[in-house]
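>>> here's my sequence, what's the structure:
(chains A, B, C and D)
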There are 2 protein chains.
Amino acid sequence: MSSCDTCVVRNRAICAGLDNQEIAALSAMGRRRAVAAGEPLIWEDDDSLLVANVIEGVLKLTTSTEDGREQIVGVAYPSDFIGRPFGQTSKASVVALTDARVCVFARNDFDRYAREHPELEHKLLERTLAELDRTRAWMMLLGRKTAPEKIATFLLEMSERLSETGCAVKLGPARRFSLPFSRQQVADVLGLTIETVSRQFTKLKNEGVIELPSRREVEILDRPALVALAG
Amino acid sequence: MSSCDTCVVRNRAICAGLDNQEIAALSAMGRRRAVAAGEPLIWEDDDSLLVANVIEGVLKLTTSTEDGREQIVGVAYPSDFIGRPFGQTSKASVVALTDARVCVFARNDFDRYAREHPELEHKLLERTLAELDRTRAWMMLLGRKTAPEKIATFLLEMSERLSETGCAVKLGPARRFSLPFSRQQVADVLGLTIETVSRQFTKLKNEGVIELPSRREVEILDRPALVALAG
DNA sequence: TTTCCTGTTTGACCTCGATCAAGGCGCGTT
DNA sequence: AACGCGCCTTGATCGAGGTCAAACAGGAAA
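Numbers count the residues shown, from 1 in each chain, chains lettered A, B, ... in the order given. Okay, the predicted model is just below:
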């Protein structure tokens, strides 16, 4: 297989609703690519030259101020779409948090293909609307929630997002999981500093709400307490 | 005219790319409706029963916590689309900030119509992507900017958004404009308190950066200074 | 004109989370 | 085992912005 069939075939987001012929055509356009943890895929303010599809791994979407403050504005999990179709520049950088595999398309080709295949555009629209909902919920967190509330909300979201990953069967939220974020990155998601994040984590541990087996591992001991704290 | 032809015809967002027959069909579905300032159009967590198109006026999109904290997560101007197609519930309340006129569609009808008219879905996709970009830029503001930066950014955004309104010719950003927000609402947009907003406004006035002819009026005296402050 | 009402400004104070500064821990390398 | 290097935690202190309270418009009604 010269192109990345499985890359598209595995992807329920893009494929649903397309027939075999369409899937084959999309496959021929895409190029599978491995991205190592920490490696960038798209730079903020770059010309929007490519769009991609996450097959495996987790990536962060960030914007930064000139003086180096960073805010993570989105997180892409397997089956998520990244990049900016129908736009001249992308407004966010994309960097892999874990080793990842993605399926990359030239934006021009993808745009053209999408316009000719309404089913694909419809899928894209549904996902974009869902992402907008999620982003708006995050605005409430950033603008109005306290540090303890932010941390609790974050842990609950993580436990849900990470349980779905790569699994067709819908499991409940994960009780124990491995964070794809460093403490600094958690801070960048929540609009906090690394020290505040650390302090809140240890506070929750001391209160018996969570356990921290290692730096990246989290185990939720008392979910109801976490839900109450999330507000 | 029994239905709201002009409501659709005036709307460059929805109409561009549709032929006359399609516009007529859309028109037959929509119902023009006036919304008084302060009046709600959609409630948070309601079943998503309608979608709409802003013809005139400004509306706010909000989410709230149970204890009453509010965050404005979006603002809809003329030609903007509001509501949640293809979704069971809407995640935000929509309330008019000024007297407004909108063109309302039953969500079911609209969904069906959209799926049959790829050009409409494409338009919708482009707008949703643009709105997502704008929302992500706002996340950076909420998570990482200081109060003075937030206020400066807000004033610049207002001066741009309010100059476009209802005018086909692309003017530059407005030098003087009338805020569609009360101080409390500005606070809800920026994740601040009303007192902080007020103090920052008077500080800018004392520094000669802006003038405040009345409660709602703003005149920008020193735009470069504002740009510098916005960061 | 005066009164009232609501939204805004201003002041005094306090708190949460940021900042600054050590230390500690896990882990790979020599 | 000892060292070095990131990352994380913990402590001490500070300050931006929140909270509480009072005074101050500006517009509508009497």
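
>>> could I have the CA atoms of the helix or strand containing A:T202 written out in CSV?
Assessed by DSSP states H and E, A:T202 sits inside helix A:194-206. Output of helix A:194-206 as CSV, limited to C-alpha atoms (Å, rounded to 0.1, in the frame of the first residue of the first chain):
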residue,chain,number,x,y,z
ILE,A,194,3.0,25.2,37.7
GLU,A,195,3.3,25.8,41.4
THR,A,196,-0.5,26.2,41.9
VAL,A,197,-1.2,23.1,39.9
SER,A,198,1.3,21.1,42.0
ARG,A,199,-0.2,22.5,45.3
GLN,A,200,-3.7,21.6,44.2
PHE,A,201,-2.7,18.1,43.2
THR,A,202,-1.0,17.4,46.6
LYS,A,203,-4.0,18.9,48.4
LEU,A,204,-6.3,16.5,46.6
LYS,A,205,-4.0,13.6,47.5
ASN,A,206,-3.8,14.6,51.1
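
>>> mind listing what's buried in that helix?
For helix A:194-206, the buried set under the neighbour-count rule, 16 or more other CB atoms under 10 Å in any protein chain shown, comprises A:T196, A:V197, A:Q200, A:F201, A:L204. Glycine gets a C-beta too; all of them are placed from N, C-alpha and C.

>>> which strands or helices does it pack on?
helix A:147-164, helix A:183-190, strand A:210-211 (3 or more CB pairs under 8 Å, 6 or more residues apart in numbering or on different chains; DSSP states H and E).

>>> how about residues contacting it?
A:147-148, A:151-152, A:155, A:183-184, A:186-187, A:190, A:210-212, A:226 (CB atoms under 8 Å, 6 or more residues apart in numbering or on different chains).

>>> filter the residues you listed down to the ones near DNA strand D?
A:R183, A:Q184, A:L212 (CB under 7 Å from any atom of the strand).

>>> what's the closest of those residues to A:P173?
A:L212 (17.8 Å; CB to CB).

>>> sketch out the low-pLDDT regions of chain A for me.
A:1-23, A:164-170 (pLDDT under 70).

>>> most neighbours of all the ones next to DNA strand D among the contacts of helix A:194-206, which one?
Neighbour counts for those (other CB atoms under 10 Å in any protein chain shown) peak at A:R183, which has 18 neighbours.

>>> A:S198 and chain B, how far apart?
Per CB to the nearest CB, to the nearest Å, A:S198 is found 18 Å from chain B.

>>> do A:S214 as well
27 Å.

>>> same question, A:S163
22 Å.

>>> A:L125 too?
For A:L125, the distance to chain B - CB to the nearest CB - is 5 Å.

>>> number of residues surrounding that residue?
21.

>>> show me how chain A divides into domains.
Structural domains assigned to chain A are A:5-135, A:145-230, following automatic domain parsing.

>>> now the helix holding A:T202: how far from the chain's centre is it?
23 Å (CA atoms, centre = their mean, to the nearest Å).

>>> grab the nearest non-local neighbour of the spatially most central residue of chain A.
When chain A is reduced to its mean C-alpha position, the closest residue under CA atoms, centre = their mean turns out to be A:A76, at 1.9 Å. Nearest non-adjacent residue to A:A76, counting by CB to CB, 6 or more residues apart in numbering or on different chains: A:L59, 4.5 Å away.

>>> what bridges to that neighbour?
Beta bridges link A:L59 to A:A76, A:A96, judged by DSSP bridges.

>>> so it versus A:E126, what's the distance?
21 Å (CB to CB, to the nearest Å).

>>> which one of the two has more residues nearby?
Using other CB under 10 Å, the more surrounded residue of A:L59 and A:E126 is A:L59, with 28 against 17.

>>> just checking, the more buried one touches A:L97?
Yes - at 6.1 Å, A:L59 counts as touching A:L97 under the criterion of CB atoms under 8 Å.

>>> now the common contact residues for these two.
A:V75.

>>> how far off centre is the helix or strand hosting A:N53?
When elements are defined using DSSP H and E, A:N53 is found to belong to strand A:50-56. Centroid separation between strand A:50-56 and its chain, computed with CA atoms, centre = their mean, is 11 Å.

>>> ok, now stretch A:60-74?
15 Å.

>>> so does it get close to DNA strand D?
No - on the criterion CB under 7 Å from any atom of the strand, stretch A:60-74 is out of touch with DNA strand D, staying 12.2 Å away.

>>> over to stretch A:88-100?
No - Stretch A:88-100 lies out of reach of DNA strand D by CB under 7 Å from any atom of the strand, never closer than 11.6 Å.

>>> what sits up against that stretch?
Contacts for stretch A:88-100 (CB under 8 Å, 6+ apart): A:34-48, A:54-64, A:73-76, A:82-84, A:180-181, A:185, B:133, B:136-137.

>>> buried stuff in that stretch?
Neighbour-count burial for stretch A:88-100 [16+ other CB under 10 Å]: A:S90, A:K91, A:A92, A:S93, A:V94, A:V95, A:A96, A:L97, A:A100.

>>> redo these as TSV? Include distance to B:L162.
TSV is the format used below for these (distance: CB to CB, whole Å):
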residue	distance to B:L162
A:S90	27
A:K91	22
A:A92	26
A:S93	31
A:V94	33
A:V95	36
A:A96	40
A:L97	39
A:A100	42
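
>>> widest-spaced pair of those?
A:K91 and A:A100 (20.8 Å).

>>> number of residues surrounding the nearest residue to A:R175 once chain neighbours are set aside?
In this structure, A:R175 finds its nearest non-sequential neighbour in A:I220, 5.5 Å apart by CB to CB, 6+ apart. Each residue near A:I220 was counted by other CB under 10 Å, and the total is 20.

>>> so what's A:I220 up against?
Contacts of A:I220 (CB under 8 Å, 6+ apart): A:L155, A:S159, A:R175, A:R176, A:V209, A:I210, A:L226.

>>> bridging residues for it?
A:I210.

>>> do A:T63 as well
Where A:T63 sits in a bridge, its partners, by DSSP bridges, are A:Q71.

>>> from what I see, it and B:A137 are in contact.
Yes - the pair A:T63 / B:A137 is scored as a contact, 6.8 Å apart, by CB under 8 Å.

>>> the two: which has the busier surroundings?
More crowded of A:T63 and B:A137, by other CB under 10 Å: A:T63, with 22 against 16.

>>> quick one: contacts for the more buried one?
If you count contacts by CB under 8 Å, 6+ apart, then A:T63 has A:E44, A:E70, A:Q71, A:V73, A:K91, A:A92, A:S93, B:R136, B:A137, B:M139, B:M140 around it.

>>> pipe these into CSV and attach distance to DNA strand C and secondary structure per row.
Formatted as CSV, those follow (distance: CB to the nearest atom of the strand, whole Å; DSSP: H, G, I helix; E, B strand; the rest coil):
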residue, distance to DNA strand C, secondary structure
A:E44, 21, coil
A:E70, 12, strand
A:Q71, 12, strand
A:V73, 17, strand
A:K91, 23, coil
A:A92, 21, coil
A:S93, 21, strand
B:R136, 19, helix
B:A137, 20, helix
B:M139, 15, helix
B:M140, 14, helix
